[in-house]
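> got a structure for you, letters missing:
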Ligand SMILES: Nc1ncnc2c1ncn2[C@@H]1O[C@H](COP(=O)(O)OP(=O)(O)OP(=O)(O)O)[C@@H](O)[C@H]1O
Ligand SMILES: O=P(O)(O)O[C@H]1[C@H](O)[C@H](O)[C@H](OP(=O)(O)O)[C@@H](OP(=O)(O)O)[C@@H]1O
Ligand SMILES: [Mg+2]
């Protein structure tokens, strides 16, 4: 597959984390040119691109208050509008919905309706738009049957501030929330998180440390503030992740249920590169979706490079078969062997 150019727009952190240089070498051997896009320069001078793979979440979040980010985003969007044949991985509207926990948690809350055959749910949650009076928040929690402990997360779902969260154990702890935020019911799950990393039509499950169990119901305990990156990275190990009491190992989520969940989310989100965080309730053994991430780190997925290239090639093959030229010739282009 010659002459295919794939542009990448990644933050410095993401480029290092993904090792884009190594991926470019990997793709060269398969006839795909990987080009890093400089967002500070006109994209038209750097193209053309068959596909652009990006993680513009930081730029989109910063564009809310920063004029330079607004300009970068505007330049990117104008290039994409002027080049409709360039495929975005993933589309900006799809990405934007996952940047907002108010939106992504609504998607999660609807999953049980479309996945009726599977014991899949997401925790009850309350959206807090602004700092209202605490009694009305407490009343809303009671009305919706959302019990303590609660986990409080910022509305913005990506970027450094988005991982600062808190565990709230009683009504008094509600004074510690900083709206806009969500208050999500805390589900005891035995300190094991299942990260489901999705790359196109493939997905991979990776076990990670997670928050330990806490006594159900309100208790007189101070709010615990933490950063999620201290809790669920492979190396995470703290008082927050060490179980206070021994408990029987939980069965992992069924692979069929995870596959059904990924299929549903792929359709609903219209995305190819995302991560789903899943826990298993120690009480009900229900597969519980607690988070969805844009273009995650895929740490613990050695098949990431080959899966990403395989998806890129499937997109390019579809582009070739959909292109007007392909209908003018008999039989269309011979689909280049993906070999992956
Ligand atoms: N409702 C919940 N019940 C129990 N534990 C939870 C719940 N929500 C989150 N957690 C715990 O907190 C951790 C971080 O939560 P979450 O994934 O929502 O944060 P995040 O900042 O989006 O994380 P990341 O971006 O790294 O996926 C989870 O890995 C899990 O250990
Ligand atoms: O845009 P951010 O930095 O919030 O993206 C995060 C993402 O939210 C997840 O925290 C990723 O962790 P995993 O889900 O464990 O992959 C982070 O990946 P990392 O490899 O950089 O820790 C993203 O940065
Ligand atoms: Mg998460």
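Perfect, thanks for sending it. No experiment lies behind these values; they were computed from the predicted model shown. Ligands and ions are numbered 1, 2, ... in the order given.
> excluding chain neighbours, what is closest to the residue of the stretch 201-340 of the chain found nearest ligand 3?
Per C-beta to the ion, residue 291 is where the stretch 201-340 of the chain lies closest to ligand 3, at 3.5 Å. Every C-beta, even on glycine, is put in place using the N, C-alpha and C of the backbone. Nearest residue to residue 291, sequence neighbours excluded (C-beta to C-beta, 6 or more residues apart in numbering): residue 277, at 3.9 Å.
> for residue 203, grab phi and psi.
phi -150, psi 150 (degrees, to the nearest 10).
> OK, contacts around it?
With contact taken as C-beta atoms under 8 Å, 6 or more residues apart in numbering, residue 203 is in contact with 196-197, 258-259, 262.
> hang on, the earlier thing: for the one helix or strand the residue nearest to residue 291 maps to, what is the distance to the chain centroid?
According to DSSP states H and E, residue 277 maps onto strand 273-280. Relative to its chain's centre, strand 273-280 lies at 7 Å (C-alpha atoms, centre = their mean, to the nearest Å).
> neighbouring strands for it, and are they parallel or not?
Paired with strand 273-280 in the same sheet, following DSSP bridges, are strand 192-199 (antiparallel), strand 287-294 (antiparallel).
> can you list those in JSON lines and add distance to ligand 1, mean pLDDT and mean neighbour count?
Below are the strands paired with strand 273-280 laid out as JSON lines (distance: least, C-beta to the nearest ligand atom, whole Å; pLDDT from 0 to 100; neighbours: other C-beta atoms under 10 Å):
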{"stretch": "strand 192-199", "distance to ligand 1": "5", "mean pLDDT": "98", "mean neighbour count": "22"}
{"stretch": "strand 287-294", "distance to ligand 1": "3", "mean pLDDT": "97", "mean neighbour count": "23"}
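> quick one: is the longest helix along the chain near ligand 2?
If you go by DSSP state H, the chain has its longest helix at helix 304-322. No: figure legend: helix 304-322 not in contact with ligand 2 (C-beta under 6 Å from any ligand atom); closest approach 10.6 Å.
> which elements pack onto that helix?
helix 20-28, strand 32-36, strand 51-54, strand 87-89, strand 192-199, strand 202-209 (3 or more C-beta pairs under 8 Å, 6 or more residues apart in numbering; DSSP states H and E).
> list the helices and strands the shortest one packs on?
Here strand 87-89 is seen to pack against strand 51-54, helix 304-322 when contacts are counted using 3+ C-beta pairs under 8 Å, 6+ apart.
> worst mean pLDDT among those?
Mean pLDDT is lowest for helix 304-322 out of the helices and strands packed on strand 87-89, coming in at a mean of 93.
> please identify the buried residues of that one?
For helix 304-322, burial by neighbour count (16 or more other C-beta atoms under 10 Å) applies to 304-305, 307-316, 319-320.
> next, format those as CSV and append distance to residue 130.
Formatted as CSV, those follow (distance: C-beta to C-beta, whole Å):
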residue, distance to residue 130
304, 40
305, 44
307, 42
308, 40
309, 46
310, 46
311, 41
312, 43
313, 47
314, 45
315, 42
316, 47
319, 45
320, 51
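> do you know which of the strands paired with strand 273-280 lies nearest residue 144?
Minimum separation from residue 144 across those (C-beta to C-beta) falls at strand 287-294, 16.8 Å.
> how distant is the closest one from the center of its chain?
For strand 287-294, the distance to the chain centre is 8 Å (C-alpha atoms, centre = their mean).
> neighbouring contacts of it?
For strand 287-294, contacts defined as C-beta under 8 Å, 6+ apart pick out 55, 57, 90, 95, 98-99, 104, 107-108, 111, 118-123, 157-158, 184, 187, 189, 253-254, 257-258, 261, 265, 269, 271, 273-281.
> all set, thanks.
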